[in-house]
Structures are given as C-alpha cells and as structure tokens.
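Asks: this one's structure only:
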C-alpha cells in the first residue's frame, strides 16, 4: 500500500508539472490581422487578405492565406505589439540592433514589408521579395531611428498603388515605382507564408580595432536578445517543479505519521 501511495504521489506531481507548463505555454507570442476576417476591434475590410495564423512559437509563425487581396501590404499582418500584449519589444533610439529571420512563400511571388516601429514612427523598415517556394534569410544590422515597441510583417497583396503606404515605400529600392513594376500580380492568389529563426538583438559591444580584428579573423562584437517573446513558461515551470516536490514530501510525511 505504501508503494502504491508513492507511485500515485509521483504521478500527481508529474501531472501538475505538465499541466502548469502547458497552460502557460498556450499564451500567444504573435498577433495577426487579415482584412476580410472579422477581428477584435476591426471591421471587415474587403480589399484585405483572407487568411489565418496557422501556427506560431517564440521565433516562428506560419500564415495560411486563401486570397492575398488587393488592399496593399497591410491587408494581412503578423505582429508583436507590446500594446496588444503579443510579445514584448523594447527598441531604443540610437542603439544598434540585428534583425534575423527566414521567410518563405509557398505558392506565389510575394512582397513582405517588415517594420520595427511605434505606431507610424519607424525605427527600421525592410521590403523583402519572396520568390515562389524559395526561402530568403535576413541578417540586417540597423541603428534605431526612434524608440519602438512593435514588430510587423505586412503580408497582404501589394501592387504599389497605395496612397496610405508612402512611408513604407521610401524603404524600397527604387521606391513605389519599383514595387508597382514587380507587384504581387493577382489578388486572388493563395499561399502559405512562413517565418522561422526570428530574433531581434541589441549589440552590446563593438569592434574597437577593426583593422586588427579583420587581420586576425577575431570578432569582438557580441549581441543580447531584445525581449520579444513570452518567458513566463520558465517561471511557471520552476513553480510547477517546486509544487511537484512538495506533493512528494507531503506524501512521505503522511506515511511516517
């Protein structure tokens, strides 16, 4: 009977640990908006994209788009925005950061616009042209032009004809005309857009003698990751383990009584 009680105590402890970890991991890191999907705080925008955010993790997401739409790059969005509670971004004006991600469009050539920003104030902007079925890996270092609390991936159908995207077009090589010339072609196209290996990191040390390090091949630059995800799972995981240990100890005390 004592052995049975010990086994049951361990099972209960493990179940408690797993349950608490799963519950805290369920919190989303990425938010999304698709114009033709009724969303909280948004009305239906028939020019926008039609799709869903299929899956996500702290450093990746996958969006399944039924129609890319004709309303411009912001007709479909995947984002981290501190204000909305998705992830936590804290970029400081004047500091250097490195942005990394690998993007892919499964079924068509597709524009993606990335911005690190606070509302319309853009600290970093980048247009990426995805060719059907081919991955593009980004490793971009930038000096923040302003403070920023969000990261946005614009993935709606882009035809280079939006008056409300003037700020975004300034980040394209060749400007708005270049986007219009090589546009997304057909608003009815379907595709799956994926992002993997996402990170946003601040440089914490710079090369003090570029000539010396270049000659020796040594690197003196290090980075630290900007808070862009949900780290509560770790805290809850430790709490769950402590609770599990308490269950086992309590069981032993009852046996000894």
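Replies: Yep, that arrived. Just so it is clear, the structure is predicted and the values come from calculations on it, not from any experiment.

Asks: residue ranges for the helices of the stretch 1-150 of the chain, please.
Replies: In the stretch 1-150 of the chain, the helices defined using DSSP state H, counting those that start in this stretch lie at 2-25.

Asks: in the stretch 101-250 of the chain, which ranges drop under the pLDDT threshold?
Replies: Applying pLDDT under 70 to the stretch 101-250 of the chain flags the ranges 205-250.

Asks: okay, now the spatially closest residue to residue 182 that is not a sequence neighbour: neighbour count?
Replies: Residue nearest to residue 182 in three dimensions, not counting chain neighbours: residue 129, with 6.8 Å by CB to CB, 6 or more residues apart in numbering. All C-beta atoms are positioned from the backbone trio N, CA, C, and that covers glycine. By the other CB atoms under 10 Å criterion, the neighbourhood of residue 129 contains 16 residues.

Asks: Tell me who's in contact with residue 129.
Replies: Shown in contact with residue 129 (CB atoms under 8 Å, 6 or more residues apart in numbering): 109, 110, 111, 136, 182.

Asks: ok, now residue 49?
Replies: 34-36, 65, 67-69, 71, 75-76, 155-157.

Asks: make it 6 Å
Replies: The contact partners of residue 49, by CB atoms under 6 Å, 6 or more residues apart in numbering, come to 34, 35, 65, 68, 69, 75, 76, 156.

Asks: CSV please, covering those residues and showing distance to residue 204.
Replies: Listed next are the contacts of residue 49 as CSV, based on distance: CB to CB, whole Å:
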residue, distance to residue 204
34, 37
35, 40
65, 38
68, 39
69, 41
75, 38
76, 35
156, 36
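
Asks: dump the residue contacts of residue 159.
Replies: Counting by CB under 6 Å, 6+ apart, residue 159 has contacts residue 183.
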